[in-house]
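Asker: Sequence first, then the predicted structure, then my questions.
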Amino acid sequence: MRSNPEAAGTGFLNRQQKRTLVAYSFIAPNFIGFAVFTLGPIILAFIMAFNEWDGSNPMKFVGIRNFIDLFTNDRFLASLKNTVVYSLFTVPLTLVAALALAILLNQKIKGRTFFRTVTFFPYVASLVAVAAVWNMLFTPGKGGLMNQLLMNVFHAEPLKWAASPKTVMLTIILFSIWKTMGYYMVIYLAGLQGISEDLYEAAALDGANTIQKFWYITLPQLKPTTFFVSVMLTINCFKIYDIVYMLAGGSNGVVNKSAMVLVYYIYEEAFRNWKLGSASAASLVLFVIVLIITLIQFKFEKNYAND
Amino acid sequence: MQSKKTNRLIAHIIIYILLFFLAVIMLVPFVWMITASLKLNKDIFVIPYQWLGFTPRWENYVDIWTRIPLAKYAVNTAKLTVIVTLLQILTSSFAAYAFAKLRFKGRNLLFLAYIATIAVPWQVYMVPQFIFMRKLGLADTHLAIIILQAFSAFGVFLMRQFYEEIPDSLCEAARIDGMSEYGIYAHIMLPLSKPALSTLCIFTFVNTWNDFLGPLIYLTTDSKKTLQIGIKMFISQYSAEYGLIMAASVISLIPVLIMFMLLQQYFVAGITTGAVKG
């Protein structure tokens, strides 16, 4: 049979059909799980968003009622606003921190690997553990390390951090930057290593100083990386949930309006209020936001490819 | 020449000052965590904080195992993490082989289904997924958590990227020798893809070990809970047990730290594969 691959009809199945079957057998274990538990629920999310449902009684079709209710609901609007504010600060600040760290840790210095590891570790460290420390370091009382620092080094008033509606977002933003900047630094390091040494040598011959080299070579060469990092960061910011739960959630995990974020709203509507239609409508809002960001990414990537 | 030398010296001094601050910012929370885990609650918020020179209270590390069923939580988490990681590696590499090296009807369409969902955050479909699992009677079971994590589009995508770079001629040669596709997968592709498998392994391990929202939604029975949920529960109930909270936190970090130290290079490789290829 191998000598004549087109020999069809000799057995029960021809060679091409056999090949396809073999291929499907490779894909099936993963695809069945994926289709049933990921694709299915995604489709169900779209159906549920246009229905009223508590999970046990029959679904009731309500058209776009869920969406109208959302955009007149205080808590939802607050969650949307907080998520946007959080992203507006976290994205640029993390980006700048990651770039600065990448440049610093791309220098030929002793202990480079150690510093890279130390910067990256918070990203893989469990959130519950690091958030617990963070809550103690940023405790509202005067005994907390951060308030000690504020009072003794900067001679400022102690802050209430996550305990006050005024500073809760600040605390969440600082924590996010600290925990994730190492991850984006790794991406920037890869970007930096992709820049040709020749460019810097040519610039040195022309008498460019360090700042000029950074401004006219490093930064423009890193444009695709910066774009990728900002897209990833924005999407991840819109998915934020557990950080808020850990830092701003009370003992029962309830988050008040000053720190409500989109995913928290979805969680609360679904698993505390059992308003599944409304929760799914909010999920679709999240989906549309992420989709728009992804489409922008595709469009820009095409532009880079054409350059 | 002289000024160039001093310039370089100044640059070096600045770099090392920056590095010092970096190390402080990144390490202080962990050093604080470890020192606080060895203190009495009343000594933790003493001003100024005692970094050294206190008598370590090792009992915190003994007591925490009896105050909460930490061993049970750890076993649950370890069991889930190992099963999920194994399933993920097996099914992803299996499917990726077909997508990268076999030609068949519907290949592009099926792969598109994976790609399209990579961009959909889990948070978008976590609610219908939970409802569906509950209908199947899987609410409050470990099986639900396993199913949740084991079939990711990311794994298939990552493995396929890697397999694409292995020359087709290698498979062709094996086919001519009469090896079956399963044989080629097991004897040629798997041994060659150790770096990609390690990458997927550490990503899945860390994600499953640290997962919070999944177990929070699904697991309601105390004895089924994972480390993250268990520790968080303890923190909520006994928020003033600072020493014990920190001891539990240190314990929960150790497995990830070990995995990270062993497989760090693969972790970095995994992040940059996604980044460079977009």
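Answerer: That came in fine, so what should we check first? Numbers count the residues shown, from 1 in each chain, chains lettered A, B, ... in the order given.

Asker: Correct me if wrong: B:H187 contacts B:M179.
Answerer: Yes. The criterion here is CB atoms under 8 Å, and B:H187 meets it with B:M179 at 7.3 Å. All C-beta spots, glycine's among them, are computed from the backbone N, C-alpha and C.

Asker: Who has more neighbours out of those two?
Answerer: Of the pair B:H187 and B:M179, B:M179 is the one with more neighbours under other CB atoms under 10 Å in any protein chain shown, namely 16 against 12.

Asker: For that one, give its distance to A:K18.
Answerer: 15 Å (CB to CB, to the nearest Å).

Asker: what about the residue nearest to the spatial centre of chain B, helix or strand, and which?
Answerer: Nearest residue to the geometric centre of chain B (CA atoms, centre = their mean): B:V206, 1.2 Å. Under the criterion of DSSP states H and E, B:V206 resides in helix B:194-210.

Asker: How far off centre is that helix?
Answerer: 6 Å (CA atoms, centre = their mean, to the nearest Å).

Asker: neighbours of the nearest residue to the residue nearest to the centre of chain B once chain neighbours are set aside, just the number please.
Answerer: Excluding the flanking residues, the one nearest B:V206 by CB to CB, 6 or more residues apart in numbering or on different chains is A:V124, at 5.1 Å. A:V124 has 23 neighbours, counted by other CB under 10 Å.

Asker: just B:N7 next, same as before
Answerer: 12.

Asker: Now the host helix or strand of it: buried residues?
Answerer: Using DSSP H and E, B:N7 sits in helix B:2-36. Buried residues in helix B:2-36, counted by 16 or more other CB atoms under 10 Å in any protein chain shown: B:18-19, B:22, B:26, B:29-30, B:32-36.

Asker: same for that helix, what does it pack against?
Answerer: Helices and strands touching helix B:2-36, by 3 or more CB pairs under 8 Å, 6 or more residues apart in numbering or on different chains; DSSP states H and E, are helix A:74-104, helix A:112-124, helix A:127-137, helix A:168-193, helix B:242-277.

Asker: cutoff 6 Å now
Answerer: Under the contact criterion of 3 or more CB pairs under 6 Å, 6 or more residues apart in numbering or on different chains; DSSP states H and E, helix B:2-36 touches helix A:112-124, helix B:242-277.

Asker: Relative to the whole chain's centre, how far out is it?
Answerer: Worked out by CA atoms, centre = their mean, helix B:2-36 lies 29 Å from the chain centre.

Asker: By mean pLDDT, which helix or strand of the chain comes out lowest?
Answerer: Using chain A. Least confident helix or strand, chain A: helix A:276-306 with a mean of 86, by mean pLDDT, DSSP states H and E.

Asker: Oops, wrong one, chain B.
Answerer: Going by mean pLDDT, DSSP H and E, chain B bottoms out at helix B:242-277, a mean of 83.

Asker: Can you confirm whether that one lies near chain A?
Answerer: Yes. In terms of CB under 6 Å from any CB of the partner chain, part of helix B:242-277 sits within range of chain A, namely B:245, B:249, B:252-253, B:256, B:260, B:268, B:271-272, B:275.

Asker: just for the chain, where's the confidence low?
Answerer: By default, I'm working from chain A. A:1-11, A:304-307 (pLDDT under 70).

Asker: wrong one, I was asking about chain B
Answerer: In chain B, residues with pLDDT under 70: B:1-2, B:273-278.

Asker: Go again with 80.
Answerer: B:1-4, B:47, B:119, B:267-278 (pLDDT under 80).

Asker: per-domain residue ranges of it.
Answerer: B:2-60, B:62-277 (automatic domain parsing).

Asker: Could you dump those into TSV with distance to A:D74 added?
Answerer: As requested, the domains of chain B are arranged in TSV below (distance: least, CB to CB, whole Å):
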stretch	distance to A:D74
domain B:2-60	35
domain B:62-277	21
